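**Q** structure for the following, please:
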Amino acid sequence: MRIGIVVDSTCDLPESYFEKNNIQILPISIRLGDELLVDKRDAQATRRFYQEQLDSEGIHAESIPYSVDQIQAVFLEQLVIDYDLVFCITVSGKRSLIFDNATKASFSILKQYQKVRADAGVPGPFSMRVIDSKTLFSGTAVLVCEVAKMIEQGANRNAIRLRIDEMLPHICGYMVPEKLAYVRDRGFKKGERKSFSDSMRGVALTVGSALSMHPVIRIHGGEENPATVNRSYEKSVRRMLEHVAKQIRAGKLMSGHVCLSYAGDAARVPTMPGYAELEAAAREHDVQLLVSTMSPTGAINVGAGCLFVAFASQDDEFE
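**A** Have a look, this model is predicted:
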């Protein structure tokens with residue numbers, strides 16, 4: 001059986017990883033003033049966004065997910081021919097309409113695929129499963145990595161489905177925004193589903209007016225809450241990465257991947273405080289670290305300089 005993976009562009013993984021594993025990306029459009037950026041993990045467009053657009057327009061930007069019709073077209077034009085089963089893994093349904101739109105699109109896709117496959121001379125049925133990752137950014141990436149690994153190993157559809165269901169409640173994300181004032185000022189979007197920026201603004205307000213403070217924010221089960229607060233960005237980053245290293249060394253990880261994304265040049269991440277210890281722990285326990293640039297869609301919510309790390313653990317408690 002030919003099994004494929006589709007994600008939305010908020011899934012933070014290196015470009016080479018998407019290419020190696022033939023992962024299809026559902027783009028998200030971002031309205032930046034008079035410009036419309038199509039976020040599809042294009043390296044050149046992402047560099048321009050960070051260099052020229054985030055600081056000037058990001059705080060007022062509006063993200064526009066693929067519609068039901070657009071998702072349907074992506075599948076019927078090629079995916080129903082290339083694959084027999086597709087896992088469509090989306091950012092948390094609490095924070096975006098992508099999961100809802102993909103679910104609605106799946107009904108039409110499953111009604112129309114027969115003719116497309118017949119015209120292309122492809123026998124047999126097609127099926128798809130739309131999965132709400134219940135997490136964000138690098139958190140979604142952790143789940144995607146596990147599915148990609150199982151596909152490469154030749155696992156069957158039921159084994160993959162059961163593994164996804166097992167991991168979903170245990171994906172933990174942590175992030176440190178560099179500029180809490182950006183998160184506070186991003187503001188609420190009236191008339192829209194509560195977005196991640198709304199939730200993050202609430203976290204910023206709970207930290208208080210002392211915006212020189214730098215919280216480590218825990219993302220788990222669709223909720224975001226401060227895990228700890230420090231007086232410097234560097235100290236919060238160190239504590240966050242050291243926590244992940246401890247999780248690895250304690251044998252608490254459920255999968256062999258830890259994913260990190262940075263809202264800026266990802267080459268900065270290995271130089272950050274605490275990364276060397278995390279890298280050593282990963283090497284000792286055969287855990288793969290995947291570092292990428294955060295998607296523009298993610299960055300407009302958390303601001304430049306934000307570091308996000310995610311993993312799956314059955315027993316995670318920040319110390």
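**Q** how many other residues sit next to the closest residue in space to Leu241 that isn't next to it in sequence?
**A** The shortest distance from Leu241 to any non-neighbouring residue, by Cβ to Cβ, 6 or more residues apart in numbering, is to Gly274 (3.2 Å). For every residue, glycine as well, the C-beta is placed using N, CA and C. Look at Gly274: counted by other Cβ atoms under 10 Å, it has 21 neighbours.
**Q** Gly274 contacts Arg238, doesn't it?
**A** Yes. Gly274 lies in contact with Arg238 (Cβ atoms under 8 Å); the separation is 3.9 Å.
**Q** Three-state assignment for Gly264, please.
**A** With DSSP: H, G, I helix; E, B strand; the rest coil as the basis, Gly264 sits in coil.
**Q** quick check: phi and psi at it.
**A** Note on Gly264: its backbone torsions stand at phi 160, psi -160 [degrees, to the nearest 10].
**Q** surely it meets Ser292?
**A** No. Using Cβ under 8 Å, Gly264 is not in contact with Ser292, being 11.4 Å away.
**Q** quick one: which of these two has more around it?
**A** Between Gly264 and Ser292, counted using other Cβ under 10 Å, the more crowded position is Ser292 (25 against 19).
**Q** which residues are in contact with the strand or helix carrying that one?
**A** Under the criterion of DSSP states H and E, Ser292 resides in strand 288-293. Applying Cβ atoms under 8 Å, 6 or more residues apart in numbering, the contact partners of strand 288-293 are 12-15, 17, 43, 46, 50, 138, 141, 145, 256-266, 269-270, 278-279, 282.
**Q** and the contacts of the next helix or strand after that strand?
**A** Where DSSP H and E defines the elements, the next helix or strand beyond strand 288-293 is helix 296-302. Contact with helix 296-302 is made by 9-10, 12, 28, 30, 37, 39, 45-46, 49-50, 53-54, 58-59, 61, 63, 136-137, 175, 177, 182-183, 186, 195-197, 200, 261, 263, 294, 306, 308, as judged by Cβ under 8 Å, 6+ apart.
**Q** same deal with stretch 101-114?
**A** Contacts of stretch 101-114 (Cβ under 8 Å, 6+ apart): 26, 65-69, 71-72, 75-76, 80, 88, 90, 126-128, 130.
**Q** which parts of it are buried?
**A** Of the residues in stretch 101-114, Asn101, Ala102, Thr103, Lys104, Ala105, Ser106, Ile109, Tyr113 count as buried by neighbour count, 16 or more other Cβ atoms under 10 Å.
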